[in-house]
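Trainee: give me the fold of what follows.
(4 chains, ligands or ions: 2)
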Amino acid sequence: MFENGPVSTKSRASDGIAHPSDHEPDERGHFGRYGGRFVPEALIAALDELTTVYDKARGDREFLDELDRLHRDYTGRPSPLTDAPRLGEHAGGARILLKREDLNHTGSHKINNVLGQALLTKRMGKKRVIAETGAGQHGVATATACALLGLECVVYMGEVDTERQALNVARMRLLGAKVVPVKSGSRTLKDAINEALRDWVTNVDETHYLLGTAAGPHPFPTMVRDLHRIIGLEAREQVLERVGRLPDVVAACVGGGSNAIGIFHAFIDDPGVRLVGFEPGGDGVSTGRHGATLTAGSPGALHGALSYLLQDDDGQTIESHSISAGLDYPASGPSTRCSRTWGAPSTARSPMPRRWTRSRCSRAPRGSSRPSSRPTPSRVRCAWARSSGPTR
Amino acid sequence: MFENGPVSTKSRASDGIAHPSDHEPDERGHFGRYGGRFVPEALIAALDELTTVYDKARGDREFLDELDRLHRDYTGRPSPLTDAPRLGEHAGGARILLKREDLNHTGSHKINNVLGQALLTKRMGKKRVIAETGAGQHGVATATACALLGLECVVYMGEVDTERQALNVARMRLLGAKVVPVKSGSRTLKDAINEALRDWVTNVDETHYLLGTAAGPHPFPTMVRDLHRIIGLEAREQVLERVGRLPDVVAACVGGGSNAIGIFHAFIDDPGVRLVGFEPGGDGVSTGRHGATLTAGSPGALHGALSYLLQDDDGQTIESHSISAGLDYPASGPSTRCSRTWGAPSTARSPMPRRWTRSRCSRAPRGSSRPSSRPTPSRVRCAWARSSGPTR
Amino acid sequence: MSGVQQIFEGARAEGRGALVGYLPAGYPTVDGSVELLSAMVEGGCDLLEVGIPYSDPVMDGPTIQAAADTALRAGFRLRDVLSVVERVSAAGGRAVVMTYYNPVLRYGVDAFARDLAAAGGLGVITPDLIPDEADEWLAASDAHGLDRIFLVAPSSTEERIATTAAATRGFLYATSTMGVTGARDAVATAAPGLVARCRAHTALPIGVGLGVRSADQAAEVAGFADGVIVGSAFVTAAETGGAGGVRALAAELAGGVRRAPAPA
Amino acid sequence: MSGVQQIFEGARAEGRGALVGYLPAGYPTVDGSVELLSAMVEGGCDLLEVGIPYSDPVMDGPTIQAAADTALRAGFRLRDVLSVVERVSAAGGRAVVMTYYNPVLRYGVDAFARDLAAAGGLGVITPDLIPDEADEWLAASDAHGLDRIFLVAPSSTEERIATTAAATRGFLYATSTMGVTGARDAVATAAPGLVARCRAHTALPIGVGLGVRSADQAAEVAGFADGVIVGSAFVTAAETGGAGGVRALAAELAGGVRRAPAPA
Ligand SMILES: Cc1ncc(COP(=O)(O)O)c(C=O)c1O
Ligand SMILES: Cc1ncc(COP(=O)(O)O)c(C=O)c1O
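Mentor: Ligands and ions are numbered 1, 2, ... in the order given. Alright, predicted model coming up:
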């Protein structure tokens, strides 16, 4: 009646980087209009080096095997797919399956990306890693990987976040990382990224900036996405095995966008599957105190990429708000951005899900200037929820 | 060079209950002199019912399959075995492998036992579950399983522990459990168990007491042990597959003893493998402020079983002390007890590991009165460590 | 016939139930407990149940827990229970000890039986020891001529009632309700049925405890059982009224057990 | 030849380096910044670099961050930079704007270029825009005749120096050190090498910035570069000495760039 034995899935953790998909950016990291590199020239050499080393690692069996081995024996991949029948009942009879990235070592999907980048750091011969963190999940994952591989680790964290997430600060310190409370700006995640970028510009020779989400300058959005593609690759196989068909909907919360693109990616070419991203609603989108960058943001360049931002009429970043420290970020990654419907439907500032489209994002014409307002058939939705998101 | 693919292990989560070992207690739950049922008569009917239902479930494919399915898809079993090369280097060159029960859903081994007992609760037609908790790990696991299966859940927790483990109190409440801070006695784990037993005596008809460690009256020590045997079954297979031979030593921390007996059990019949239990050293065994029940305790009856206790000359329980809330318990389970060397080596109150023996514990003559002081060849050791134990 | 059983038979001969009163030794102090227990005898208790304060009294509700804590904090030591029994027995009281098993185990089961018998104690009530685990205690109580009072509960099967009664000497303790000690407003409805079930298996006198606090309740229990056991209500009386309060409650309850005719 | 380049050529004709001074528009207020910038001109700055305060200035150290915060808290709006440029230009100053890219993007790249040119601005320095991403800005700056000053760094490859210089108009901005803005004790040792590498790829004047705060440092830089760019030191001077402090620092630095012979 029930099948038993270990979780069976054919995908390896490294498959997302080993096998490029049909949804690649152009060679300078543009997903349509979005992405790219909006960073000081001082960082370009490091980004180029990272791109080269990453591209080489993707084809290197030894690297891929090491990544697979760590994800199997250290992270605990594959992560299970859990039926949530009581939630489904509560939701009116849906069959809801949870992809259990929370069961990974360090407690979130973040480790998928972190281990990959930490191994690349070693390949580049760098001995020092810096990272930003909001909730502390990425910081903990990074501190953990650095402890594993013997790398020096400095984590920048907004002072506000160090207070509300004191437990994760303690974990990082226990793991040997230096946690630097960032006192500038809004003293949250975005300022931690600013500070990490400043450190990077200064120490780029010996330092890798281990960015924690599918944002930032090229190659980060693509690389982070690919390191997380295993989420969707596994989930797709698991749901087919368990249910015998593809799901109607795949949903994910969107902070920077790494977990969302990680699971969505495997379903982009499945026309019957709706992809729904949930953004932090904060006090409600209409109040302006929220983190719904895709729903209520506009295109802009922040932290190295052109993407959707919460910004005022002058292009100054607006502070985001969420009950979840981990989703409290005023932008999200360009690779999620590329599938957004250009244009502003009338629901833009109402609490309704916002429509996205799933356009092929590869090698779209560049410099196509501002978004047109042509509405596109919806297959991806972006919703906001007052209290969505991880609690830790 | 590295093998890949999912963790491979042949054992199913239910194997520990489906396949009785050569190390069974007598039919009234005595491991040698230890174990048994030192409880009010009012509870005997419930314990008998539990014994019967459990014995039936052990042979029921449907039950075993359901347990396996949940442990695979919900808990995330098998848990990986992780090499810790840097720790090994630090420890003078040992190869150290970690059995990753921390990667289970809810973050510890506790869920192995909890899911089994929660399914048994349903089988008994009971709708209410009570549990004790110290650190909160067992409480969280129980609250989780109750949420999964739609059971009412009340968790007793010493008031002192509710304060030092406030985060876990919040988690349990979030999961719909009622957490009752216990204000009697030392206001820690032992008093939470007292209070749970009082509740059980009063409400035993509709209530299952979901005990969290390999202690308490029969059938708990055996049942909890068997539900945790999967730890050792998997670990043994994994280490053979990874290293090609058995380990020299298997080590575990000992609170009530459930994780220790869970992993030790699979190695009891392997003569070359030393089994070492670490007890909480608190301020040092010589100070009297510790939790080293096996090292510095003496036989006594507490919470339903005859086992080793921290007690004064009058048989009054002495409060235990540990930096780890989860190991802070003045007794430990009779199934771990049975393999202890009777007698008091000269190291008894010194900070040295204490010798155990690994006697066959099945059907030893009963009523064999007080321990003799015959020293027995050592294969199992009991050590204490000043700061051993889980940090959460 | 055992010493304790004689007390019950004596009461039955008077056409009434026996009154058994509980107080912890050493509460509020060792001397104070002797005074309170003596007041119980003066008030009309037939048998004293002298409790041993214990750190983990899982069968007790808050009232008795608090009294035990008070005694332990005041420095009660296990040997004190022997002197308490000795002093109340010397003053004409008849006493059994009520204790959780671990203090006895730690003292040494045989040594405890020996010393208690020497102090004049008649037997021991063991709320967390079932006959299945009592080999050592059965031997020691035989060796030193002590009664051993085991408990049955509404949840006990016929078979367990029979085997428990068979191991028991003195009287069979029927817990009238599922639950811990503590005075209740109503005697649980399970009690008469449990007593009736016990009668089918034993000729021993049957005492009923848990929850009795008034003359009316005592009369009600004495209507179907051979003895009425009162604990928490005495602790409360001691707390609020001292020896006088205890004496007055004993007198009131003694009136209660005389009001109803003892069952045939 | 572009407006900015002429300024450099003019200085070179005088046998000295050009002095470029940075202050954020709107610091400490809009009017206050006009006054400070005017003092810079009076003190001897050849070119003004008018910064746009931005919420996320990743290339700036604490001194300039704090000044930008002050300006934003005082109510600075993006359009204010146009009036500041207009007023200092009207008073005879020659100004470029230094800005992170997002405010420009938000304003509209072409609109910004048009309005800045109309206000008398000569060009824009873009610390987080590389030529690779600058198609829209290249077009707009061409359309409105603005100079565009890109940056090179010690880590830039020969190829990138070449392509960056090719896209640049006015002068090429060489960051003398890896790092963010902020006055330093010593001019980084990487600067002369970087400037030498740039000369191999371009005839554009080369300005060196990041860390200069004294006449001696200015002299040192002017020894190998065509212009000396000073930022944080001016902010500190404004903070502690107001317009007078800024004028005095400009005069001191102007002395510095005159001390050393300009490179051939
Ligand atoms: C568990 C978890 N999920 C999601 C997120 C959001 O990040 P992203 O959108 O990159 O997945 C975070 C951020 O800290 C996180 O900790
Ligand atoms: C993670 C963990 N390990 C070990 C223990 C100790 O319990 P046991 O000895 O039953 O394994 C606890 C108790 O809470 C725990 O939470």
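Trainee: next, the closest residue to ligand 2 within the stretch 51-200 of chain C: secondary structure please.
Mentor: With CB to the nearest ligand atom as the measure, C:Asp56 is the residue of the stretch 51-200 of chain C nearest to ligand 2, at 18.7 Å. Heads up, the C-betas are built off the backbone N, CA and C, glycines and all. With DSSP: H, G, I helix; E, B strand; the rest coil as the basis, C:Asp56 sits in coil.
Trainee: isn't it right next to B:Ala192, touching?
Mentor: No. The pair C:Asp56 and B:Ala192 fails to qualify as a contact (CB atoms under 8 Å) at a distance of 11.3 Å.
Trainee: these two: which has the busier surroundings?
Mentor: Neighbour count, other CB atoms under 10 Å in any protein chain shown: between C:Asp56 and B:Ala192, B:Ala192 has more, with 30 against 23.
Trainee: specify the local secondary structure of that one.
Mentor: Assigned with three-state DSSP, B:Ala192 falls in the helix class.
Trainee: would you map the strands across the stretch 151-264 of chain C?
Mentor: With DSSP state E, counting those that start in this stretch, the ranges of strands along the stretch 151-264 of chain C come out as C:151-152, C:172-175, C:206-209, C:227-230.
Trainee: quick check: which helices or strands does the helix or strand harbouring C:Leu116 pack against?
Mentor: Assessed by DSSP states H and E, C:Leu116 sits inside helix C:109-118. Identification of packing neighbours for helix C:109-118 by 3 or more CB pairs under 8 Å, 6 or more residues apart in numbering or on different chains; DSSP states H and E yields helix C:78-90, helix C:135-144.
Trainee: so which of those helices is the most packed in?
Mentor: Mean neighbour counts were taken over those using mean count of other CB atoms under 10 Å in any protein chain shown, and the top value, a mean of 21, falls to helix C:78-90.
Trainee: now the angle between helix C:109-118 and that helix, please.
Mentor: 30 degrees (axes from the mean of the first three to the mean of the last three CA atoms, to 10 degrees).
Trainee: ok, and what's touching helix C:78-90?
Mentor: The contact list for helix C:78-90, computed with CB atoms under 8 Å, 6 or more residues apart in numbering or on different chains, reads B:313-315, C:25-26, C:30, C:33-34, C:37-38, C:41, C:48, C:50, C:52, C:95, C:97, C:99, C:103, C:106-107, C:115-116, C:118-121.
Trainee: give me the neighbour count for the residue nearest to C:Pro62 when sequence neighbours are not counted.
Mentor: In space, C:Pro62 comes closest to C:Gly182 once its chain neighbours are excluded; the distance is 7.0 Å by CB to CB, 6 or more residues apart in numbering or on different chains. Other residues within reach of C:Gly182 by the criterion other CB under 10 Å amount to 21.
Trainee: thought C:Gly182 was touching C:Ser232?
Mentor: Yes. Contact between C:Gly182 and C:Ser232 holds when scored by CB under 8 Å: they sit 5.0 Å apart.
Trainee: state the helix or strand in which A:Thr202 lies.
Mentor: With DSSP H and E as the test, A:Thr202 turns up in helix A:189-203.
Trainee: packing partners for the helix or strand following that helix?
Mentor: Per DSSP H and E, helix A:189-203 leads on to strand A:207-209 as the next helix or strand towards the C-terminus. Contact analysis of strand A:207-209 by 3+ CB pairs under 8 Å, 6+ apart lists helix A:110-123, strand A:128-133, helix A:189-203 as its packing neighbours.
Trainee: so what strands line up beside strand A:207-209?
Mentor: Strand pairing for strand A:207-209, determined by DSSP bridges: strand A:128-133 (parallel).
Trainee: what's the mean pLDDT across the strand it pairs with?
Mentor: Averaged across strand A:128-133, pLDDT comes to 98.
Trainee: likewise stretch C:100-120?
Mentor: Here the mean pLDDT over stretch C:100-120 is 98, rounded to a whole number.
Trainee: what does stretch A:67-81 give?
Mentor: When pLDDT is averaged over stretch A:67-81, the result is 97.
Trainee: hang on, the earlier thing: most tightly surrounded among the strands of the stretch 151-264 of chain C?
Mentor: strand C:227-230 (a mean of 30).
Trainee: other residues contacting it?
Mentor: Surrounding strand C:227-230, the residues in contact under the criterion CB under 8 Å, 6+ apart are C:8, C:11, C:17-22, C:46-47, C:49, C:171, C:173, C:205-210, C:212-213, C:218, C:221-222, C:249, C:253, C:256-257.
Trainee: could you check how far the residue most central in space within chain C is from A:Gly32?
Mentor: With the centre of chain C defined as its mean C-alpha position, the nearest residue by CA atoms, centre = their mean is C:Glu49, 4.0 Å away. Relative to A:Gly32, C:Glu49 is positioned 86 Å away (CB to CB, to the nearest Å).
Trainee: ditto for A:Thr188
Mentor: Relative to A:Gly32, A:Thr188 is positioned 29 Å away (CB to CB).
Trainee: likewise A:Glu234?
Mentor: 28 Å.
Trainee: of those two, who's got more company?
Mentor: Counting neighbours by other CB under 10 Å for A:Glu234 and for A:Gly32 shows that A:Glu234 has the greater number, 29 against 24.
Trainee: tabulate the strands of the stretch 151-264 of chain C (CSV), appending distance to A:Met157.
Mentor: Below are these laid out as CSV (distance: least, CB to CB, whole Å):
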stretch, distance to A:Met157
strand C:151-152, 60
strand C:172-175, 59
strand C:206-209, 62
strand C:227-230, 64
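Trainee: do you know the pLDDT at A:Gln6?
Mentor: If you look again at residue A:6, you'll see it is Pro, not Gln. Per-residue pLDDT puts A:Pro6 at 47.
Trainee: how far does stretch C:13-26 stretch from start to finish?
Mentor: Across its full length, stretch C:13-26 reaches 34 Å between end residues, using CA to CA, to the nearest Å.
Trainee: in the stretch 51-200 of chain C, what residue is nearest chain B?
Mentor: In the stretch 51-200 of chain C, the residue found nearest to chain B is C:Arg106; the distance is 3.2 Å by CB to the nearest CB.
Trainee: which SSE is that residue in?
Mentor: When elements are defined using DSSP H and E, C:Arg106 is found to belong to helix C:101-107.
Trainee: so which bits of the helix holding C:Leu116 are buried?
Mentor: The neighbour-count criterion (16 or more other CB atoms under 10 Å in any protein chain shown) identifies C:109-110, C:112-113, C:115-117 as the buried residues of helix C:109-118.
Trainee: contacts for it next, please.
Mentor: Contact partners of helix C:109-118, identified using CB under 8 Å, 6+ apart, comprise C:82, C:85, C:97, C:104, C:107, C:124, C:136-137, C:139-141, C:143-146.
Trainee: can you report how many residues lie near the closest residue to C:Glu133 other than its chain neighbours?
Mentor: Leaving aside its chain neighbours, C:Glu133 sits nearest to B:Gly36 (5.0 Å; criterion: CB to CB, 6+ apart). Neighbourhood size, B:Gly36 [other CB under 10 Å]: 25.
Trainee: before we move on, the earlier item: so the helix holding A:Thr202, near ligand 1 or not?
Mentor: No. Counting by CB under 6 Å from any ligand atom, ligand 1 has no neighbours in helix A:189-203; the shortest distance is 8.4 Å.
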